[in-house]
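>>> Show me the folded form of this:
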Amino acid sequence: MKHRGKRTAYLIVGVTLAACSLAAAQSSQKAPKPAPAKAAPAKPTQPVTDQRPDPITTLLQDAAAAMERKEYAAAIPPLQSYLAQRPEDATAQFQLGYAYSELQRWEEAILAYGRAIALDPKLGAAHLNLGLVLLDREPAAAVERFRRAAELMPEQARPRFLLAVALERTGKLAGAIEEYQAAERLDAKEYEIRFALGRALLRANRATQAEAEFREALALRGDAAPARLGLAESLRAQNKLEAAAAEFAAYLQLQPQDRESRLRRATVLTDLGHYEQALEELDRSDGEAAASLESYKLRAEIRLQQKQWAQAGEMLQKALELAPRDAELHARLGRVCLEKRDFPAAERELRQALQLDRNWTDALRDLVAVYYLGERYQATLQILDELDRRETPGAGSWFIRATCYDKLGRKAEAVAAYEKFLGLDQGHSENQGFQARQRIRILARELEHKKR
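Next comes the predicted model:
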């Protein structure tokens, strides 16, 4: 504390920002607590022979003792009484702000820290603590406080770190990454800085760099679940699926109740083609509870890949009970019905998908197959016309069109379509190419005969 021109020391303490999961850490970190300050007794101003206590010194001693006992409410009256007589004491204002912040009297803390800064603009601790109070409430205002604290304490990593946190919260990800890196240069052995930088890099789609930071964080704190999850996610983003599956497994050893991460591991296993392992992971994720929508979707995807149409259809039906207006689910169920050759059901589901999302082109392609395999050639041509307005038709589309014209007796159009198919296919589809050449010869003779 400062008394009659003398300033005592204040203590800046560390903060903790590690979260229990990467997703939680990405969305919102809990603000660190403001740093405490310790008041020291002032030197007596009375002559040595006068044993009466100095009232001003007594106020400071009472406040310091209460702060030492963490009785912050008891520290406020003596500090207020002292400041009524010594309003120019910036450090006393700082300590009053700290007492208010410990009592979560935020508005009063902001005012006290502000008065301390106005009295002593170079009081870095006041800038830092004011930023901490503002971080959850006005992160943009906290940015300026932390930036000033970093300027006043250039050798300390913590102000840079907190500046990065505030920038990240205001959506300035590039600036946050720069400040995390600056903090890391000042303290490369701090887990929180490594983890936060890895998280920010992952959000910025810089997965390779994020991987390196998460590995460094784990070297500092091997049992840190958030860093383990971050490493798994960064590997997944780089399509290093085997390594990602292993890291998800290691994370789930630390956080076995994280259903969302079990689902993500199951997704990775599915992408690897490890279907039975993926289903086992989904069973662990669901446990006693009802399966989630995402679980049903992934189970359906696995059964589709395994060509187990009945089980895939069952999972999709359960998913649709939870999300009846999900166009993708209707489209996938339509595909299952198509594979089962249940054309009426397939048409119904695909039409429903297109009604919910008219831009769902995959559903339109499957509808072509439904009508074509169901020998509804005129309907097939109508859907092909709509599909061709969306994308340039390939060789397969021209072959289907040619066959439809052929079946409908539209011979000239069939010949032209077969020739278009042959030109695009370039001999890749041997059976269809043979059929197209044969039909061209036959149809050409029939057209020539008709002219006679």
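>>> burial count for residue 428?
Counted with other CB atoms under 10 Å, the neighbours of residue 428 add up to 9. C-beta: built from backbone N, CA, C; applies to glycine.
>>> On the three-state scheme, it is what?
coil (DSSP: H, G, I helix; E, B strand; the rest coil).
>>> in stretch 428-441, what's buried?
For stretch 428-441, burial by neighbour count (16 or more other CB atoms under 10 Å) applies to 429, 432, 433, 435, 436, 439, 440.
>>> The residues you listed into CSV, with extra columns for distance to residue 180?
Formatted as CSV, the buried residues of stretch 428-441 follow (distance: CB to CB, whole Å):
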residue, distance to residue 180
429, 55
432, 58
433, 59
435, 63
436, 62
439, 67
440, 67
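>>> So which residues of the stretch 1-150 of the chain form strands?
2-3, 6-7 (DSSP state E, counting those that start in this stretch).
>>> looking at the ones you listed, which has the lowest confidence?
For the strands of the stretch 1-150 of the chain, mean pLDDT drops lowest on strand 6-7, to a mean of 30.
>>> Tell me where the stretch 51-200 of the chain has helices.
Under the criterion DSSP state H, counting those that start in this stretch, the stretch 51-200 of the chain contains helices at 55-68, 72-85, 90-102, 106-119, 124-135, 139-152, 157-169, 173-186, 191-203.
>>> Run through the neighbouring helices and strands of the first one.
The one in question is helix 55-68. Applying 3 or more CB pairs under 8 Å, 6 or more residues apart in numbering; DSSP states H and E, we find helix 55-68 packed against strand 2-3, helix 72-85, helix 90-102.
>>> Name the nearest residue to residue 180, sequence neighbours excluded.
Counting by CB to CB, 6 or more residues apart in numbering, residue 180 lies nearest to residue 197, which is 3.9 Å off, once chain neighbours are set aside.
>>> What is the burial count for the one you found?
26.
>>> picking that back up, among the helices and strands packed on helix 55-68, which is the most enclosed?
Among the helices and strands packed on helix 55-68, helix 90-102 has the highest mean neighbour count (mean count of other CB atoms under 10 Å), at a mean of 26.
>>> hang on, the earlier thing: of the helices and strands packed on helix 55-68, which approaches residue 397 most closely?
For residue 397, the closest of these is helix 90-102, at 68.3 Å, according to CB to CB.
>>> Hey, what's the angle from the closest one to helix 72-85? Just curious.
150 degrees (axes from the mean of the first three to the mean of the last three CA atoms, to 10 degrees).
>>> what angle separates helix 90-102 from helix 106-119?
Going by the same axes, to 10 degrees, helix 90-102 makes 160 degrees with helix 106-119.
>>> Can we start the residue count at 23 from this point?
Right, with 23 as the first residue, what we last looked at is helix 112-124.
>>> any low-confidence regions in the stretch 373-474 of the chain?
474 (pLDDT under 70).
>>> Could you do the chain as well?
Looking at the chain by pLDDT under 70, you get 23-73, 310, 474.
>>> and it, what are its domains?
The chain breaks down by automatic domain parsing into domains covering 23-209, 347-413, 418-474.
>>> Straight-line length of the second one, end to end?
With CA to CA, to the nearest Å as the measure, domain 347-413 spans 26 Å from end to end.
>>> quick one: it to chain centroid distance?
Put simply, domain 347-413 sits 34 Å off its chain's centre (CA atoms, centre = their mean, to the nearest Å).
>>> the helices in the stretch 373-474 of the chain, which residues?
Taking DSSP H, counting those that start in this stretch to define them, one finds helices in the stretch 373-474 of the chain at 383-395, 399-412, 417-429, 433-447, 452-473.
>>> Out of the ones you listed, which is closest to residue 348?
Judging those by CB to CB, what sits closest to residue 348 is helix 383-395, at 12.2 Å.
>>> In space, what's closest to residue 184 - neighbours in sequence excluded?
residue 168 (4.7 Å).
>>> I'd say the one you found and residue 175 touch.
No - counting by CB atoms under 8 Å, residue 168 sits too far from residue 175 to count as a contact (10.4 Å).
>>> Mind listing the shared neighbours of those two?
Both residue 168 and residue 175 are in contact with 150, 181, where contact means CB atoms under 8 Å, 6 or more residues apart in numbering.
>>> Settle it for me: which of the two has more neighbours?
A count of neighbours by other CB under 10 Å puts residue 168 above the other of residue 168 and residue 175, at 28 against 17.
>>> How much space separates that one from residue 152?
Counting by CB to CB, to the nearest Å, the gap from residue 168 to residue 152 is 9 Å.
>>> Tabulate the helices and strands packed on helix 77-90 (a markdown table), appending distance to residue 441.
Formatted as a markdown table, those follow (distance: least, CB to CB, whole Å):
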| stretch | distance to residue 441 |
| --- | --- |
| strand 24-25 | 94 |
| helix 94-107 | 89 |
| helix 112-124 | 81 |
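>>> Between these, which one is closest to residue 341.
helix 112-124 (48.6 Å).
>>> Hey, what's the angle from the closest one to helix 77-90? Just curious.
Using the same axes, to 10 degrees: helix 112-124 against helix 77-90 is 30 degrees.
>>> how far out from the middle of the chain is helix 112-124?
37 Å.
>>> and if you look at stretch 455-473?
For stretch 455-473, the distance to the chain centre is 59 Å (CA atoms, centre = their mean).
>>> again with stretch 107-120
42 Å.
>>> for stretch 288-297, same thing?
21 Å.
>>> Tabulate the CA atom coordinates of that stretch in PDB.
Extracted in PDB, the C-alpha atoms of stretch 288-297 (Å, rounded to 0.1, in the frame of the first residue of the first chain):
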ATOM      1  CA  ALA A 288     -17.400 -43.900 -33.300                       C
ATOM      2  CA  THR A 289     -17.500 -41.600 -36.400                       C
ATOM      3  CA  VAL A 290     -13.700 -42.000 -36.800                       C
ATOM      4  CA  LEU A 291     -13.900 -45.800 -36.500                       C
ATOM      5  CA  THR A 292     -16.700 -45.800 -39.100                       C
ATOM      6  CA  ASP A 293     -14.600 -43.700 -41.500                       C
ATOM      7  CA  LEU A 294     -11.900 -46.300 -41.000                       C
ATOM      8  CA  GLY A 295     -14.300 -49.100 -41.800                       C
ATOM      9  CA  HIS A 296     -14.100 -50.600 -38.300                       C
ATOM     10  CA  TYR A 297     -17.800 -51.000 -38.100                       C
END
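>>> what does it contact?
Residues contacting stretch 288-297 (CB under 8 Å, 6+ apart): 258, 263-264, 266-267, 270, 299-301, 303-304, 307, 320, 323-324, 327-328.
>>> and if you look at stretch 306-326?
Under CB under 8 Å, 6+ apart, the answer for stretch 306-326 is 281, 284-285, 288-289, 292, 297, 300-301, 304, 331, 333-334, 337-338, 340-341, 344-345, 351, 354, 357-358.
>>> Go again with 6 Å.
The contact list for stretch 306-326 (CB atoms under 6 Å, 6 or more residues apart in numbering) reads 281, 284-285, 288, 292, 297, 300, 304, 333-334, 337-338, 340-341, 344-345.
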